[in-house]
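# Sequence first, predicted coordinates after that:
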Amino acid sequence: MSAAVIVSIRVDATPLRAFELFTEQIAEWWRPNPLFALTPRGGGQLRFEPGEGGRLVAMLANGKEFEVGRITVWKPGERLALTWRQATFAPGQSTQLEVRFEAVGAQTRVTVEHRGWDGIPKDHVARHGFDLMLFQRRLAEHWRVLLTAVETRVRADGA
């Protein structure tokens with residue numbers, strides 16, 4: 001098993017609704033971070049193409065699309081998994097993202113697990129020269145900000 005960043009948050013929504021907000025409204029809660037930019041030109045506006053084999057794409061300001069990853073698991077209300085890459089990755093180089101949606105009483109625990117960064121060399125531009133542990137700490141902080149934005153979106157939607 002590769003090194004992983006794991007971050008969770010509870011939201012006031014059913015697992016299905018949390019999944020829908022996460023996937024269908026990603027453009028509304030995603031917050032770009034220059035440290036983790038998907039492309040050298042920024043992150044663009046993200047959107048999922050639903051279903052296994054679908055994609056997560058970023059629509060860039062110049063009108064071009066960048067494929068962030070391919071969906072490997074699409075189980076609404078339960079689990080989402082996909083490959084994840086930045087534009088600076090070599091062909092065939094990627095990390096893996098898994099998102100789980102688990103009922104906890106009247107809430108849903110949304111857990112993001114981002115694996116595979118130990119396969120990206122320390123000197124790669126995406127790692128900024130950080131040792132793996134420091135890089136993962138920074139990445140975890142970024143995912144915490146993103147999941148807080150998901151929680152804010154859930155509250156705004158009254159899900």
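On my side now, so go ahead.
# Skipping adjacent residues, who's closest to the spatially most central residue of the chain in space?
Residue closest to the average C-alpha location in the chain (C-alpha atoms, centre = their mean): L97, at 6.3 Å. With C-beta to C-beta, 6 or more residues apart in numbering as the criterion, L97 has its nearest non-adjacent residue at 4.5 Å, and that residue is W84. Where C-beta positions appear, they are placed from N, C-alpha and C, glycine not excepted.
# try P40
The spatially closest residue to P40, leaving aside those adjacent along the chain, is A87, at 6.4 Å (C-beta to C-beta, 6+ apart).
# Burial check on that neighbour, number of neighbours?
By other C-beta atoms under 10 Å, the residues close to A87 number 16.
# follow-up on the earlier one: show me how far the helix or strand that the residue nearest to the centre of the chain is a member of is from its chain's centre.
Using DSSP states H and E, L97 maps to strand 95-104. Offset of strand 95-104 from its chain centre (C-alpha atoms, centre = their mean, to the nearest Å): 10 Å.
# tell me the mean pLDDT over it?
On average, the pLDDT along strand 95-104 is 98.
# didn't the residue nearest to the centre of the chain look like it was pressed against H114?
Yes - contact criterion C-beta atoms under 8 Å: L97 and H114 qualify, at 5.3 Å.
# Residues that sit against both of the two, list them.
Common contacts of L97 and H114, defined by C-beta atoms under 8 Å, 6 or more residues apart in numbering, comprise W84.
# thinking again about what came up before, tell me which residues are up against the strand holding L97.
10, 14-16, 18-19, 22, 69, 73, 77-85, 108-117, 119-120.
# now the helices for the chain?
Here the chain has its helices, by DSSP state H, at 15-24, 26-29, 132-157.
# what's the closest of these to F48?
helix 15-24 (4.7 Å; C-beta to C-beta).
# now the closest one against helix 132-157, angle please.
Interaxial angle, helix 15-24 versus helix 132-157 (axes from the mean of the first three to the mean of the last three C-alpha atoms, to 10 degrees): 110 degrees.
# and the helices of the chain, which is most packed in?
Mean neighbour count (mean count of other C-beta atoms under 10 Å) peaks for helix 15-24 among the helices of the chain, with a mean of 20.
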